[in-house]
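Trainee: give me coordinates for this.
(chains A and B)
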There are 2 protein chains.
Amino acid sequence: MDDIAASAQPLNAGSGDGLVRRISLLGATGSIGRNTLDLIERHPEAYEVVAVTARTNVEELAATALRTRAEVAVIVDETRYDELKQRLAGSSVEALCGVDGLVEAAGRPADLVVAAIIGFAGLKPTLAAVDQGATIALANKECLVAAGSLFTDRAETAGARLLPVDSEHNAVFQAIADNDEASIAEILLTASGGPFRTFTYDDMKSVTPAQALKHPNWSMGAKITIDSATLMNKGLEVIEAAHLFPVGADKLGAIVHPQSIVHGLVRYIDGSVLAQLGPHDMRGPLSYCLNWPRRAPTPCERLDLATLGSLTFEPVDVERFPAFGLALAAMAAGPGMPIVLNAANEIAVEAFLEGRSGFTEIARLVERTMNRAEAGGMVETPADIADVFAMDEWARSQARALVNEF
Amino acid sequence: MDDIAASAQPLNAGSGDGLVRRISLLGATGSIGRNTLDLIERHPEAYEVVAVTARTNVEELAATALRTRAEVAVIVDETRYDELKQRLAGSSVEALCGVDGLVEAAGRPADLVVAAIIGFAGLKPTLAAVDQGATIALANKECLVAAGSLFTDRAETAGARLLPVDSEHNAVFQAIADNDEASIAEILLTASGGPFRTFTYDDMKSVTPAQALKHPNWSMGAKITIDSATLMNKGLEVIEAAHLFPVGADKLGAIVHPQSIVHGLVRYIDGSVLAQLGPHDMRGPLSYCLNWPRRAPTPCERLDLATLGSLTFEPVDVERFPAFGLALAAMAAGPGMPIVLNAANEIAVEAFLEGRSGFTEIARLVERTMNRAEAGGMVETPADIADVFAMDEWARSQARALVNEF
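Mentor: Numbering: from 1, shown residues only, chains lettered A, B, ... in the order given. Next comes the predicted model:
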């Protein structure tokens, strides 16, 4: 991509160049945050930690802040602010709380901000990090799915570079390297196919949350694991890809690859395909973001294709996995519809996990909410971030009402 | 590679930029030459043909020269010079002949020279092309296997850029893109495994030339097809890779991949692997060389992984395919030994094709010639190209004598 992958400007650091990189971790106690800490704590000489944040886990947050000698620690849950202050007493770590504290910390000068807060809550602090022009290792889905070009335009204006953390987008980013946008014929994200890859649609009608939570390759949170089972996750990722790699929606797609070894593929106009492969370890893409445009050694297991033996591929079946098709339809409908899709999906997944609706009803609920949005003229292009929040709220309330009708 | 892949200087042309690229084809009537012509004749506005050459096929050479309005046509077989002149009579195409004519034509100013003459005969004209500082689309194995750093040093001195045509090296070149040499942990070339991939060593003792000439994926000349069956071809390619991608011999290897869809892989120090995939069509890598550092559309079939279904990988078994191990040993022994390996192999393959020795005797003959070279102190580092020719001659005569002993 001209605006993303090409014209590499080395950041102020990374292993091997002897410089120190100032880094902030928005969401330090989740999976992405912990994996990032694992990498940077192996090279304390290369990183200076600016901010670490957590939603509720004050104990781990304080320990992390003390261990990494962070400048500031933010607990979003204000009821735990006193505990944070107590735990940090006597150290040089500043304590902040709430969304205001989060946004303040995200705006502190840093070379690299790892944006790993889950959900809509990640949007405001990531925007604060974008506005200061930091390089963003982006792990938050909503910034692209919901805010979309409002987010990418703001990054461009501020000169903030976006590096995708998600293994699929990171793979595509690597496979594009210095190729220009015009030479790209197709971008394919791989999908494991989830636990119901071989199920019929009727089989899926009766699956339980426990069955859906068994992801074949990755250990992730409940929401994203269900999204992997419906293939909504892959649909949301295609929408993200459309913002990260603006080659046109017709050139974006997905392919089922049960082993999840190949993470993404880029086919060029000359017929050549470049693919990125890697072990099931988020430290791979994270290390790429931390050291970009260079690379540094990681503790990731070595990929051994001869031992793996076989990599298989299948088309995505939108008949059995309608959520994927709904995501593509939302993308085609314009920037408002993915907000509706994402919001309705969250409500539907919640209802499924709580036993209030069935697995196949997730996509049905999303579709019905999208239909309501279209009928009600509720999918105008959002003019600003406030609009995005309003549309999200509207879609959630519609979806909640619809759940009760099932 | 710092010296090869990075710091892309656009050539004076390529489809899409409106400029005209001056191109010479050394070996215009072979498979590489014909495929190159297929590509450039689709875009006559983008190419100006300087020289076309052939060893003996005067009819096709003359027709090609007239059709492409080449400046000069060279027939290496001097007995056919009169026929060439007759066929070109009345046209503006100049006719030359012999090795001198070949070298003269290769030295004519061109932006890109496709070096596709097979065997030792390709060395002198390719050097002439290198000396004028042209970009070289290199399809001749001996330039790297035999001349090695004499060749690459001369390219560097002249500012000639080497673009590998071979699908495996071209794949690696693409998978390296703008990554720096220090970040490379391993380079793997893929091997189809040839027609005897599943044979025991004892099974291979009795195979016939007809069996060995049935390559599963590619239609190539007899010599290279036998080399694919012994896996000597892959060994020679690893030696070539050592010169094209100087990351150290310990980081170079091969992996058996029967479908030949993945052509090469590069593993980086962070665990990430970039692979290049493509259909079985030499026009893919050739187009990449013709348009580098850009890409242009080709008539290559679209790669469809979902239809292919499965890609499989196995380790190379050096017990059953000792030729591969011999090539690695020759590489480790220093710049003289690959000359001996290559020369002995040509004699051994010839003997096998003519029914004078068995299939498994190919590697045995190569090994015995290498042993003689070592015992006789005949593997000094060649000081110049004349030395290379002398060592090649010595090894051939030794191998010929040894064949008669079997």
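Trainee: who does the host helix or strand of A:Ile187 pair with, and is each partner parallel or antiparallel?
Mentor: Counting by DSSP states H and E, the element that carries A:Ile187 is strand A:184-191. Looking at strand A:184-191 with DSSP bridges, its partner strands are strand A:252-256 (parallel), strand A:262-268 (antiparallel).
Trainee: can you give me how far whatever helix or strand comes next after the longest one is from the chain middle?
Mentor: Moving toward the C-terminus from strand A:262-268, the next helix or strand (DSSP H and E) is strand A:273-277. Computed by Cα atoms, centre = their mean, to the nearest Å, the separation of strand A:273-277 from the middle of its chain amounts to 20 Å.
Trainee: partner strands of strand A:273-277 and their direction?
Mentor: Strand A:273-277 has the following strand partners under DSSP bridges: strand A:262-268 (antiparallel), strand B:273-277 (antiparallel).
Trainee: re the thing from before, need the winner for burial among the strands paired with strand A:184-191.
Mentor: Neighbour counts (mean count of other Cβ atoms under 10 Å in any protein chain shown) averaged over each of those peak at strand A:262-268, with a mean of 26. No exception for glycine: its C-beta is placed from N, CA and C like everyone else's.
Trainee: rounded mean pLDDT for that one, please.
Mentor: Taken as a whole, strand A:262-268 has a mean pLDDT of 98.
Trainee: same deal with stretch A:24-44?
Mentor: For stretch A:24-44, the per-residue pLDDT averages 96.
Trainee: and chain B, is that stretch touching that?
Mentor: No - using Cβ under 8 Å from any Cβ of the partner chain, stretch A:24-44 never reaches chain B; the gap is at least 9.6 Å.
Trainee: list the buried residues in that stretch.
Mentor: A:24-37, A:39-40, A:42-43 (16 or more other Cβ atoms under 10 Å in any protein chain shown).
Trainee: alpha carbons of that stretch, as PDB, please.
Mentor: Only the C-alpha atoms of stretch A:24-44 are listed here, as PDB (Å, rounded to 0.1, in the frame of the first residue of the first chain):
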ATOM      1  CA  SER A  24       2.300   2.500  25.400                       C
ATOM      2  CA  LEU A  25       0.100  -0.500  26.000                       C
ATOM      3  CA  LEU A  26      -3.700   0.200  25.800                       C
ATOM      4  CA  GLY A  27      -5.100  -3.000  27.200                       C
ATOM      5  CA  ALA A  28      -2.000  -4.400  29.000                       C
ATOM      6  CA  THR A  29      -3.700  -7.200  30.900                       C
ATOM      7  CA  GLY A  30      -5.400  -9.000  27.900                       C
ATOM      8  CA  SER A  31      -3.900 -11.600  25.600                       C
ATOM      9  CA  ILE A  32      -2.400  -9.000  23.200                       C
ATOM     10  CA  GLY A  33      -1.100  -6.900  26.100                       C
ATOM     11  CA  ARG A  34       0.500  -9.900  27.800                       C
ATOM     12  CA  ASN A  35       2.200 -11.100  24.700                       C
ATOM     13  CA  THR A  36       3.500  -7.700  23.900                       C
ATOM     14  CA  LEU A  37       5.000  -7.500  27.400                       C
ATOM     15  CA  ASP A  38       6.600 -10.900  27.000                       C
ATOM     16  CA  LEU A  39       8.400  -9.500  23.900                       C
ATOM     17  CA  ILE A  40       9.500  -6.200  25.200                       C
ATOM     18  CA  GLU A  41      10.500  -7.500  28.600                       C
ATOM     19  CA  ARG A  42      13.100  -9.700  26.800                       C
ATOM     20  CA  HIS A  43      14.700  -6.500  25.600                       C
ATOM     21  CA  PRO A  44      14.400  -3.900  28.300                       C
END
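Trainee: quick one: distance of that stretch to the chain centre.
Mentor: 16 Å.
Trainee: before we move on, the earlier item: turn the strands paired with strand A:273-277 into a markdown table, including distance to A:Ala134.
Mentor: Shown next, in a markdown table, are the strands paired with strand A:273-277 (distance: least, Cβ to Cβ, whole Å):
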| stretch | distance to A:Ala134 |
| --- | --- |
| strand A:262-268 | 25 |
| strand B:273-277 | 27 |
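Trainee: for B:Glu319, which of those strands is the nearest?
Mentor: Set against B:Glu319 and scored by Cβ to Cβ, the strands paired with strand A:273-277 come closest in strand B:273-277, at 26.5 Å.
Trainee: quick one: contacts of the next helix or strand after that closest one?
Mentor: Reading on from strand B:273-277 to the C-terminus, the next helix or strand found by DSSP H and E is helix B:283-291. With Cβ atoms under 8 Å, 6 or more residues apart in numbering or on different chains as the test, helix B:283-291 has contacts from A:270-272, B:14-16, B:21, B:23, B:32, B:35-36, B:38-40, B:112, B:114, B:137, B:163-167, B:170-171, B:173-174, B:278, B:295-296, B:298-300.
Trainee: now with 7 Å, please.
Mentor: Residues from elsewhere that reach helix B:283-291, judged by Cβ atoms under 7 Å, 6 or more residues apart in numbering or on different chains: A:270-272, B:14-15, B:35-36, B:38-40, B:112, B:137, B:163, B:165, B:167, B:170, B:174, B:278, B:295-296, B:298-300.
Trainee: next: stretch A:41-54.
Mentor: Taking Cβ under 7 Å, 6+ apart as the rule, stretch A:41-54 contacts A:13-15, A:20-29, A:40, A:60-61, A:64-65, A:68-76, A:102, A:105-106, A:108, A:110.
Trainee: of the residues you listed, buried ones?
Mentor: A:13-15, A:21-29, A:40, A:61, A:64-65, A:68, A:70-76, A:102, A:105-106, A:108, A:110.
Trainee: pull out the buried positions in stretch A:99-118.
Mentor: Here stretch A:99-118 shows A:101-108, A:110-118 as buried, counting by 16+ other Cβ under 10 Å.
Trainee: check stretch A:398-405 too.
Mentor: Residues of stretch A:398-405 classed as buried by neighbour count (16+ other Cβ under 10 Å): A:398-400, A:402-403.
Trainee: just the ones of those in strands?
Mentor: Among the buried residues of stretch A:398-405, DSSP state E puts none in strands.
Trainee: what's the closest of those to chain B?
Mentor: A:Ala399 (32.7 Å; Cβ to the nearest Cβ).
Trainee: wait, isn't that closest one in contact with A:Arg368?
Mentor: No - taking contacts as Cβ atoms under 7 Å, A:Ala399 lies outside contact range of A:Arg368: 8.3 Å.
Trainee: what sits against the residue nearest to A:His169 when sequence neighbours are not counted?
Mentor: Sequence neighbours aside, A:Leu244 is the residue nearest to A:His169 in space, at 5.7 Å (criterion: Cβ to Cβ, 6 or more residues apart in numbering or on different chains). Counting by Cβ under 7 Å, 6+ apart, A:Leu244 makes contact with A:4, A:144, A:162, A:164, A:169.
Trainee: check the gap between the fourth one and chain B for me.
Mentor: A:Pro164 sits 13 Å away from chain B when distances are taken as Cβ to the nearest Cβ, to the nearest Å.
Trainee: now the helices: where do they sit in the stretch 201-350 of chain A?
Mentor: A:201-204, A:209-212, A:222-230, A:232-244, A:283-291, A:305-308, A:322-333, A:337-353 (DSSP state H, counting those that start in this stretch).
Trainee: just the stretch 1-150 of chain A next, same as before
Mentor: A:31-40, A:58-68, A:81-88, A:98-106, A:123-131, A:142-145, A:149-158.
Trainee: hmm, who's touching the first one?
Mentor: Okay, so that is helix A:31-40. Under Cβ under 7 Å, 6+ apart, the answer for helix A:31-40 is A:23, A:25, A:27-28, A:47, A:64, A:114, A:116, A:139, A:165, A:282-283, A:286-287, A:290, A:298.
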